[in-house]
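[1] quick one: sequence plus predicted model below, questions after.
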Amino acid sequence: MDGLDPTVFAISRPALHDYAAVARPDVMVECYRSDAGQMESRGTLHRLSLNRSRHGRYAFRIGDGPTLRADRPRWTLGVQPAGLALFVDGDGADYISIFQHPDTWRRIGQDVGPADFEDAEMLVAADPVTIHVALALAELARHPDATDPLLAEQLGIAFAACTLRLLSHRPAPRPERPDALSPERLRRVLDHIEAALEDGDLSLADLAAIAHLSPFHFSRAFKAATGCAPHQFVLARRVERAKAMLERRELALAEIAYRAGFASQAHFSTAFRRATGTTPARYRAEG
């Protein structure tokens, strides 16, 4: 991904360095260092920009509004709502830019409360949780083939929820009750995971629909019921399935990665090593 699709988001900006980007169904992420200069952008997605280094000089204009000079210390979240043009003139800085569809925000807003862009500040100080999720998304951009798609989906939901709370100044919701996911619904979810484990496109939205919960509430309820997040549970089951297949010497590692539902052989190797402390090839040789 050399840059954003101009039919979705058009940007003219200074030279970028150390650029990396990834596009997923519910989120697009860029990380880079920008030279000093002017930027103009507009698109059909919400654009959230988090500067990892402070600006000494920063001015911006949203839509037809006035051009404003502003302090932009490190870890400030800039919000550009979908459909509004943004003009920026500033010095160089390191950035993580995250793009999400308004429909994603509307769905999650049903759980955490909608964003009111009329009253929201366009520059807000990011809290530690939002920063942590944004940095995880930046790692997704740097290493897209070694990241679990379920984790990417969950990170996108978490980032939207964090941003909505920052814009509305709402407190984080209380933890989901342990009984929010009934044993019967949990069993249906677990059965579906086992049956669909080979499907690399197994999504959080699919699992949440089986439980008749929103993806946001499902993630919290699943962790309350099982002790781990959905992507962690699915990853552990894939590793266990891969272990069984590694005993079949005729299967190539790439085939095992595919049959266990990993996004790629690189993702398989990374996940397997983190879970077991050894590589798939070494595990097979020592078995």
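    Happy to help now that I have it.
[2] following the one helix or strand residue 39 maps to, which helix or strand shows up next?
    Under the criterion DSSP states H and E, the helix or strand holding residue 39 is strand 37-43. Heading C-terminal from strand 37-43, the first helix or strand you meet, by DSSP H and E, is strand 46-51.
[3] report the inter-axis angle for that next one versus strand 37-43.
    With axes from the mean of the first three to the mean of the last three CA atoms, to 10 degrees applied, the angle from strand 46-51 to strand 37-43 works out at 150 degrees.
[4] can you list contacts of strand 46-51?
    Residues external to strand 46-51 that are found in contact with it (CB atoms under 8 Å, 6 or more residues apart in numbering): 9, 41, 72, 74-82, 86, 93-102, 105, 126, 130-131, 134, 159, 163. From N, CA and C alone the C-beta is placed, and that goes for glycine too.
[5] and it, which strands flank it?
    If you go by DSSP bridges, strand 46-51 pairs up with strand 76-80 (antiparallel), strand 93-100 (antiparallel).
[6] need those strands in a markdown table (columns: mean pLDDT and mean neighbour count).
    Output for the strands paired with strand 46-51, formatted as a markdown table (pLDDT from 0 to 100; neighbours: other CB atoms under 10 Å):
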| stretch | mean pLDDT | mean neighbour count |
| --- | --- | --- |
| strand 76-80 | 93 | 22 |
| strand 93-100 | 96 | 22 |
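[7] mind listing the strands in the chain by residue range?
    Taking DSSP state E to define them, one finds strands in the chain at 9-12, 16-23, 28-34, 37-43, 46-51, 58-62, 68-69, 76-80, 86-90, 93-100, 123-125.
[8] can you tell me which of these is nearest to residue 253?
    Between residue 253 and these, the shortest separation by CB to CB is 23.9 Å, and it involves strand 16-23.
[9] in the closest one, what counts as buried?
    Going by neighbour count (16 or more other CB atoms under 10 Å), the buried part of strand 16-23 is 20, 21, 22.
[10] so what's the first one bridging to?
    On DSSP bridges, the residues paired with residue 20 through beta bridges are residue 31.
[11] does it touch residue 95 like I think?
    No - judged on CB atoms under 8 Å, residue 20 makes no contact with residue 95 at a distance of 11.5 Å.
[12] got any residues that touch both of the two?
    By CB under 8 Å, 6+ apart, residue 20 and residue 95 have these common neighbours: 30, 31, 32.
[13] okay, the buried residues of strand 16-23 in TSV with distance to residue 253 and pLDDT next?
    Rendered in TSV, the data for the buried residues of strand 16-23 read as follows (distance: CB to CB, whole Å; pLDDT from 0 to 100):
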residue	distance to residue 253	pLDDT
20	26	94
21	28	92
22	24	90
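[14] give the contact list for residue 124.
    Residue 124 makes contacts with 76, 77, 79, 166, 167, as judged by CB under 8 Å, 6+ apart.
[15] distance to residue 53 added to the residues you listed, as TSV?
    Supplementary listing: the contacts of residue 124 in TSV, determined by distance: CB to CB, whole Å:
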residue	distance to residue 53
76	11
77	14
79	19
166	20
167	23
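[16] of those, just say which sits nearest to residue 221.
    Using CB to CB, residue 166 is the member of the contacts of residue 124 that sits closest to residue 221, with 23.8 Å.
[17] now that closest one. Nearest residue, chain neighbours left out?
    Taking CB to CB, 6 or more residues apart in numbering as the measure, residue 166 lies nearest to residue 124, with 5.2 Å between them; neighbours along the chain are not counted.
[18] repeat for residue 24
    Counting by CB to CB, 6+ apart, the nearest residue to residue 24 once its immediate chain neighbours are dropped is residue 152, at 5.1 Å.
[19] so what's residue 234 up against?
    Residues counted as contacts of residue 234 (CB under 8 Å, 6+ apart) are 148, 150, 193, 197, 202, 261.
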